[in-house]
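Novice: Build the 3D model from these lines:
(one chain, ligands or ions: 2)
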Amino acid sequence: TRSTRPQRLLKAVRKHAARGDPQSVISAIDHFCRHSEWAMNIGDEKGSILDSVVSELNPEKVLELGTYCGYSTVRIARLLPPGARLITLEFNAGYAAIARQVIAWAGLEDRVQLVEGASEDWIPRMKEHFGIETFDFVFLDHWKDRYLPDTKLMEDCGLLRKGTVLLADNVICPGVPDYLQYVRNSLSYKSCYFKSHLEYTKAEDGLEKSVFLG
Ligand SMILES: O=c1[nH]cnc2c(O)c(F)c(-c3ccc(F)cc3)cc12
Ligand SMILES: [Mg+2]
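Specialist: Ligands and ions are numbered 1, 2, ... in the order given. Now for the predicted structure:
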């Protein structure tokens, strides 16, 4: 039967990237998405903005909602000190299977924990199951209809602290109007927009960075 796009993306990583070299994994995926098949990774342009936010923050505890093939997981994890931890949630088992192999190829499995399942099921279990108090950084990149309810759920579960940074992908395309309205008008957040482009295209998209004020 025909392979899936994530399987073809992994094949390109294995062919063109060096094991244990996260930058070569990132470059191999970007090359595949530009020259072979578009795929919904954050990409190199928005990825550079992600890098700068993570580098400035130096987070110890990171949550990623939406792993897909692990591209942004690798981008974030490669910037973390070895003691830091990144938990990434992926609903789609096929995507998760590929992402595990991409993360392993990059040599970053020691600081990444990939969890398969629904964000709404796992967010309430972060404390008792993973021993997490609060997150320093949350990257939202799963499903537009879940950004707002999952943010409210993280608040209710006490997973956000004064200064926790939320960074949301795709706030223009496909767009998350309810989430944007919330973080831009709530007194509990200081929010700003980083204008960019939809991965590997000329269409507008951007990232919204929101600091939780407690
Ligand atoms: O569902 C998504 N989850 C997470 N990230 C996405 C993304 O970065 C996209 F560009 C897109 C996307 C897909 C098709 C389009 F025509 C435009 C954007 C979707 C997602
Ligand atoms: Mg995205």
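
Novice: which parts of stretch 38-48 are buried?
Specialist: Buried residues in stretch 38-48, defined by neighbour count with 16 or more other C-beta atoms under 10 Å: 39-44, 46-47. Every C-beta, even on glycine, is put in place using the N, C-alpha and C of the backbone.

Novice: and that stretch with ligand 1, contact?
Specialist: Yes - for a cut-off given as C-beta under 6 Å from any ligand atom, stretch 38-48 has contacts with ligand 1, namely residue 40.

Novice: that older thread, of the buried residues of stretch 38-48, closest to residue 206?
Specialist: Each of those was checked against residue 206 using C-beta to C-beta; the closest is residue 46, at 7.7 Å.

Novice: Could you tell me which residues of the chain lie near ligand 2?
Specialist: Taking C-beta under 5 Å from the ion as the contact definition, the chain meets ligand 2 at 141, 169-170.

Novice: which stretches of the chain have low pLDDT?
Specialist: Residue ranges of the chain with pLDDT under 70: none are present.

Novice: how much distance is there from stretch 90-105 to the middle of the chain?
Specialist: On the basis of C-alpha atoms, centre = their mean, to the nearest Å, stretch 90-105 sits 13 Å off its chain's mean C-alpha point.

Novice: And it, what's buried?
Specialist: 90-91, 95-103, 105.

Novice: cool, and stretch 10-19?
Specialist: Buried, per 16+ other C-beta under 10 Å, within stretch 10-19: 10, 12-13, 17.

Novice: Among those, which are located in helices?
Specialist: With helices taken from DSSP state H, the overlap with the buried residues of stretch 10-19 comprises 10, 12-13.

Novice: Is ligand 1 within reach of stretch 52-64?
Specialist: No - shown here: stretch 52-64 not in contact with ligand 1 (C-beta under 6 Å from any ligand atom), separated by at least 10.9 Å.

Novice: Nothing else from me, thank you.
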